[in-house]
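Asks: need a structure here:
(chains A, B, C and D)
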Protein chains: 2
Amino acid sequence: MRTWFVRELIMEILQKGVGGMEMDERKLRILHAIIDDYILTAIPVGSRTITKKYDVGGLSSATIRNEMSDLEALGYLDQPHTSAGRIPSAKAYRLYVESLLQNSPQLSALEASKLRGHLRTRERQLGELIRRAADAVAGATNYTTVVAGPKALDMRVKSVQLVQVASETALMILVTDAAVFKDTTVSVDPELSPEDLFQVSRLLTDHLSGRLISDMGGCLNALLSVLGEHTRLMQTVLDALGRIELEATTTREIAVSGGTNILHYPEYSDTAKARAFLNALETREKLRALLTGSQSMAFTLRIGLETGMSEMEDCAVVTASYQVSGDHLGTIGVIGPARMRYGHVLSVLNCVGKSLSELLNG
Amino acid sequence: MRTWFVRELIMEILQKGVGGMEMDERKLRILHAIIDDYILTAIPVGSRTITKKYDVGGLSSATIRNEMSDLEALGYLDQPHTSAGRIPSAKAYRLYVESLLQNSPQLSALEASKLRGHLRTRERQLGELIRRAADAVAGATNYTTVVAGPKALDMRVKSVQLVQVASETALMILVTDAAVFKDTTVSVDPELSPEDLFQVSRLLTDHLSGRLISDMGGCLNALLSVLGEHTRLMQTVLDALGRIELEATTTREIAVSGGTNILHYPEYSDTAKARAFLNALETREKLRALLTGSQSMAFTLRIGLETGMSEMEDCAVVTASYQVSGDHLGTIGVIGPARMRYGHVLSVLNCVGKSLSELLNG
DNA sequence: GGTTAGCACTCGACGAACGAGAGTGCTAAC
DNA sequence: GTTAGCACTCTCGTTCGTCGAGTGCTAACC
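Replies: From the prediction side, this is the model:
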């Protein structure tokens, strides 16, 4: 799945051209006008619209028509049917976004401070922050937003604590350098006192502290032999830890916000389609797949089936990453119709990504 | 807002009648047939349909027509326009549900065991169980389901524990007889050792254990004076507990499942309407209001605007309660189109309500 | 050679006209 | 009290013609 090959593409176009045709400055201007208009209206754009609504050097519609025909041949435009206007292709959007990235768009001061205001909070729990970030971005863009925390795999354990919540059940709280896992329960011997649990917690913390989640495994067996006394408890704790380690490859905290925003756009005015989309949002694995991948990139763009989900055929996904603490990377993804307001989205992601990184490291 | 006045209504109808007309056995049979058909098809039901598809004693369509006319006069039927069939009114649905409750519908053994299977789990955390229950009901009914845990107000504290999760932050875990609250953070003095926190936790537990959440207040100030040593910590802890107590009036764990199920039904084929509905599901207060109210009733039925939400104008909400432990009541609510499959919904709620009560008490 | 005016052509959207079908209410007869 | 018969109403789907937006091509223009 090639998600980002614009550079090569530009080379190809600007140098060889296709069938003698070349992409030039003017074509680019026209293409941009078409994309801008289509993003705004979702209506196929005709040559006259361009001459009337956009400044492309006082050319006549006939000339625009010729250029559009060329752009179609070059693969940047599609025509739903003869005698309809043109709509941008995925290739066009990609070029468009690439050019936006060059003169990276800025948010208005007002909007930026609004966004930051949404994120400003005393809260330091990763989960809550992630949720807030998702809300903020979804609110600012009017698209669906998915935010993922860092992968658990390479976090370092800071402490482990067991807290009794029922006669035979304890909550295991695993604190790492980047997140707190507090949703695992283990069963305990009802005869253990809170002190016993505290001691066991201590021991666990002493032995595991500083280790990567990914190599707790080696340690666990050693622990088992050390703690002859509480064998049964330890067994279930180790099981639980093992489970966490196992899931760690894929485990990431994920928050979704603004799922229903998609219903704003005519692309999803069909309820069956909307339903499929919304259901897809509920399957964590799919979302994870969407956000995983090119983590090293500042931005990632996937259009249509490149998302890997047929439910998002008419969508595009823009992802950006932020730092959690040290070098853990989290990801923010915005999902909207392919004719997304890329400029705005990129600037929002820029702003929130930065704020989030600062917030989580400072 | 009277949500349940069927008894009086039946009295009224069966005795006085309206304008000389009376509700009789035959009218009732016809009304049921109409409701059954409309629930199934969502198409206004005509007199011929009744004679063909339902057994109403070999009457002709003309007779049915006369009866339908009467039923309309009595307020049980509406007519979208002349020359269309009739659709049941809210009053009709209420009567229908009341009669269903009399010979309380049973789930097939297969379905019942399937449902119970979904709920069977080692998990004892209230939140998780609630989520599972919501999923199970939503899956079985194909309607949106909301499940709420008991109100926090009259739970009894079992223990309080502080767990350090960052240098200046601790997680406060409040265990009560019915639920575990594990989402409150308090800031702590970085110089406190884990032992110190443990001791403070002990103290808190000793003093608060057995108290109602609703009257922790009195205790808190006393505690403050006792613990001269850790004044600052205690202050924030007490703040946090105070917050919990304050919110307790309204705080309930709430899980929603199958929100998008509504998109299955033609009543919500309009995206704008669907969007409004789905957004409403995201505001906790609205949901809480929906589930609160007649907690003493086994079942509650609200139709249309009685739900208190304009977004659910075409919906009905059926709620049932279950026991959490001792006498705490939780609530399950099913939200679907007004022409809901009430029989099925009631039997599912019956089954899940019972299972859940058993699970949480046994 | 690039640009543009002019023109014929295509195709979807929209609305009017129309018939079919479902349903009603009324009347008169059983 | 029940029902057959009938006139009437209203919605829905279809057809058909018109309108308008948009295209591509050609020929003229600078």
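
Asks: what about chain A, any weak spots by pLDDT?
Replies: A:1-21, A:124, A:226-230, A:248-250, A:294-296, A:362 (pLDDT under 70).

Asks: Going along the chain, name the helices of it.
Replies: Secondary structure of chain A (DSSP state H): helices located at A:6-15, A:25-41, A:47-53, A:61-73, A:90-102, A:109-119, A:126-141, A:194-208, A:216-226, A:231-248, A:271-282, A:284-291, A:342-361.

Asks: Would you mind saying which of these lies nearest B:Arg302?
Replies: Judged by CB to CB, the one of the helices of chain A that comes nearest to B:Arg302 is helix A:271-282, at 24.5 Å. Where you see a C-beta, it was placed from the backbone N, CA and C, and this is true even at glycine.

Asks: So which residues make contact with that closest one?
Replies: For helix A:271-282, contacts defined as CB atoms under 8 Å, 6 or more residues apart in numbering or on different chains pick out A:144, A:146, A:256, A:259-260, A:262-263, A:268, A:286-287, A:309, A:311-312, A:315, B:259-260, B:263-264, B:268-269, B:271, B:274, B:278.

Asks: Buried ones among those?
Replies: A:144, A:146, A:256, A:259-260, A:262-263, A:268, A:286-287, A:309, A:311-312, A:315, B:259-260, B:263-264, B:268, B:271, B:274, B:278 (16 or more other CB atoms under 10 Å in any protein chain shown).

Asks: Please flag which of the residues you listed sit within strands.
Replies: A:144, A:146, A:256, A:315 (DSSP state E).

Asks: I'd like those residues as CSV, with distance to A:Thr185 appended.
Replies: Converted to CSV, those look like this (distance: CB to CB, whole Å):
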residue, distance to A:Thr185
A:Thr144, 32
A:Val146, 27
A:Val256, 25
A:Cys315, 38
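
Asks: Determine which two of those residues are furthest apart.
Replies: So for these, where distance means CB to CB, the most widely separated pair is A:Val256 and A:Cys315, at 14.2 Å.

Asks: nearest to B:His344, of the helices of chain A?
Replies: Comparing the helices of chain A by CB to CB, helix A:271-282 comes nearest, at 21.1 Å.

Asks: And A:Val348, how far from A:Leu119?
Replies: Distance, A:Val348 to A:Leu119, using CB to CB, to the nearest Å: 12 Å.

Asks: nope, A:Thr63 is what I meant
Replies: For A:Thr63, the distance to A:Leu119 - CB to CB - is 48 Å.

Asks: ok, these two, which is more surrounded?
Replies: Neighbours were counted for A:Thr63 and for A:Leu119 using other CB atoms under 10 Å in any protein chain shown; A:Leu119 has more, 19 against 16.

Asks: Show me which residues of chain A are close to chain B?
Replies: A:122-125, A:159, A:161, A:163-166, A:169, A:171, A:173, A:175, A:180, A:182, A:185, A:187, A:194, A:198, A:202, A:259-260, A:263-264, A:268-269, A:271-272, A:274-275, A:278-279, A:282 (CB under 8 Å from any CB of the partner chain).

Asks: Now list the buried members of those.
Replies: Neighbour-count burial (16+ other CB under 10 Å) is assigned, among the residues of chain A next to chain B, to A:124-125, A:159, A:161, A:163-166, A:169, A:171, A:173, A:175, A:180, A:182, A:185, A:187, A:194, A:198, A:202, A:259-260, A:263-264, A:268, A:271, A:274-275, A:278.

Asks: For A:Asp215, give its distance to B:Arg202.
Replies: 35 Å.

Asks: sorry, that was for A:Asp314
Replies: A:Asp314 is 58 Å from B:Arg202, by CB to CB.

Asks: Now the stretch 51-200 of chain A against DNA strand C: closest residue?
Replies: Of all residues in the stretch 51-200 of chain A, A:Ser83 sits closest to DNA strand C, at 2.8 Å by CB to the nearest atom of the strand.

Asks: give me the number of residues near that residue?
Replies: 7.

Asks: Distance check, it against A:Glu72.
Replies: When CB to CB is applied, the distance between A:Ser83 and A:Glu72 equals 14 Å.

Asks: ditto for A:Ala280
Replies: 32 Å.

Asks: Neighbour count for these two, which is higher?
Replies: A:Ala280 (19 against 14).

Asks: Now do the same contact list for the closest residue to that one other than its chain neighbours.
Replies: With sequence-adjacent residues excluded and distances taken as CB to CB, 6 or more residues apart in numbering or on different chains, A:Ala280 is closest to A:Glu311, at 4.3 Å. The contact partners of A:Glu311, taken as CB under 8 Å, 6+ apart, are A:273, A:276-277, A:279-280.

Asks: ok, so of the residues you listed, who is nearest A:Ile50?
Replies: Checking the contacts of A:Glu311 against A:Ile50 by CB to CB gives A:Lys273 as the nearest, at 30.0 Å.

Asks: buried sites along stretch A:186-204?
Replies: A:186-188, A:192, A:194, A:196-204.

Asks: Only alpha carbons, please: show that stretch as CSV.
Replies: Output in CSV follows, covering the C-alpha atoms of stretch A:186-204 (Å, rounded to 0.1, in the frame of the first residue of the first chain):
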residue,chain,number,x,y,z
VAL,A,186,-6.9,-10.4,39.3
SER,A,187,-8.4,-12.9,41.7
VAL,A,188,-6.8,-13.1,45.1
ASP,A,189,-6.9,-15.3,48.1
PRO,A,190,-9.5,-13.8,50.4
GLU,A,191,-7.3,-14.4,53.4
LEU,A,192,-4.7,-11.9,52.3
SER,A,193,-4.7,-8.7,54.2
PRO,A,194,-4.2,-5.3,52.6
GLU,A,195,-0.7,-5.3,54.1
ASP,A,196,0.1,-8.6,52.3
LEU,A,197,-1.1,-7.1,49.0
PHE,A,198,0.9,-4.0,49.7
GLN,A,199,4.0,-6.1,50.3
VAL,A,200,3.4,-8.1,47.1
SER,A,201,3.0,-4.9,45.2
ARG,A,202,6.3,-3.7,46.5
LEU,A,203,8.0,-6.8,45.5
LEU,A,204,6.5,-6.7,42.0
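
Asks: Would you mind measuring from the closest residue to A:Ala222 other than its chain neighbours to A:Ile262?
Replies: Leaving aside its sequence neighbours, A:Ala222 sits nearest to A:His207 (CB to CB, 6+ apart; 7.6 Å). Going from A:His207 to A:Ile262 by CB to CB gives 48 Å.

Asks: same check, this time on A:Val180
Replies: 32 Å.

Asks: Return the backbone torsion pair for the residue of the stretch 51-200 of chain A closest to DNA strand C.
Replies: The phi/psi pair for A:Ser83 (degrees, to the nearest 10) reads phi 70, psi 20.

Asks: Any idea how many residues pack against the residue in the stretch 151-300 of chain A that DNA strand C sits nearest to?
Replies: Using CB to the nearest atom of the strand, A:Pro266 is the residue of the stretch 151-300 of chain A that sits closest to DNA strand C, at 11.5 Å. When neighbours are defined as other CB under 10 Å, A:Pro266 has 11 of them.

Asks: List the residues that contact the nearest residue to it once chain neighbours are set aside.
Replies: Closest residue to A:Pro266 apart from its sequence neighbours, by CB to CB, 6+ apart: A:Ala42 at 5.4 Å. Counting by CB under 8 Å, 6+ apart, A:Ala42 touches A:265-267, A:337, A:339.

Asks: again with A:Arg232
Replies: Neighbours of A:Arg232 in contact, by CB under 8 Å, 6+ apart: A:Asp189.

Asks: what does A:Ser113 give?
Replies: No contacts exist for A:Ser113 under CB under 8 Å, 6+ apart.

Asks: Could you report the separation of it from A:Ala140?
Replies: In terms of CB to CB, A:Ser113 sits 12 Å off from A:Ala140.

Asks: ok, the residue nearest to A:Leu171 when sequence neighbours are not counted to B:Cys351 distance?
Replies: Computed as CB to CB, 6+ apart, the closest residue to A:Leu171 that is not its neighbour in sequence is A:Val163, at 4.7 Å. Look at A:Val163 and B:Cys351: by CB to CB, they are 34 Å apart.
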